[in-house]
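S.K.: Got a predicted structure here, sequence first:
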Amino acid sequence: MAPVVSLTITAEYAPTVKTVHLKACQDGKCREADLELRPGSVSLPQSCGPEPEGSCSAVASPDGTRYGFLNMGTLTSSPIDAEVTGADTNGGTLPVRTLNFTPISAKPWGEECQTAITASLVLDARGLRQS
């Protein structure tokens, strides 16, 4: 897993956001950057081949969200203080949004395998929250 804090801007809020700056502090170290926002998508299942060895496929479809990543260098399970600022499409500033949250630790590949740590945030008109 990449040591990043990810930020997704909801489809309803994304059209009003021009730029986003994310600052995240963990274990006494802070990182910050203007995020490169990319269009988000969802996977839509497609048809499957004949059984029993048929394969299935999916296609990505834009969903109106936008997302970006802040490389933390190292990501631990310690709490993170996040601050999001930026500009809106009318030339104004976005409200400053802050959140203290704890990254999620999981063992998706089994108890014998390494722990995956993820730090994911969602930004909308109401504020910043962990996803």
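M.R.: Received the coordinates, thanks.

S.K.: lowest-pLDDT helix or strand in the chain?
M.R.: Across the helices and strands of the chain, the lowest-confidence element by mean pLDDT, DSSP states H and E is strand 38-48, at a mean of 88.

S.K.: Direction included, what does that strand pair against?
M.R.: Strand 38-48 pairs in its sheet with strand 56-71 (antiparallel), by DSSP bridges.

S.K.: Okay, angle between whichever helix or strand comes after the strand it pairs with and strand 56-71 too, please.
M.R.: As assigned by DSSP states H and E, the chain's next helix or strand after strand 56-71 is strand 80-88. Between strand 80-88 and strand 56-71, the angle comes out at 100 degrees (axes from the mean of the first three to the mean of the last three C-alpha atoms, to 10 degrees).

S.K.: for strand 80-88, what is the average pLDDT?
M.R.: For strand 80-88, the per-residue pLDDT values average out at 98.

S.K.: what's the following helix or strand after that strand?
M.R.: strand 97-101.

S.K.: Could you pull out the buried residues of that following strand?
M.R.: 97, 99, 101 (16 or more other C-beta atoms under 10 Å). All C-beta spots, glycine's among them, are computed from the backbone N, C-alpha and C.

S.K.: Fine by me, thanks again.
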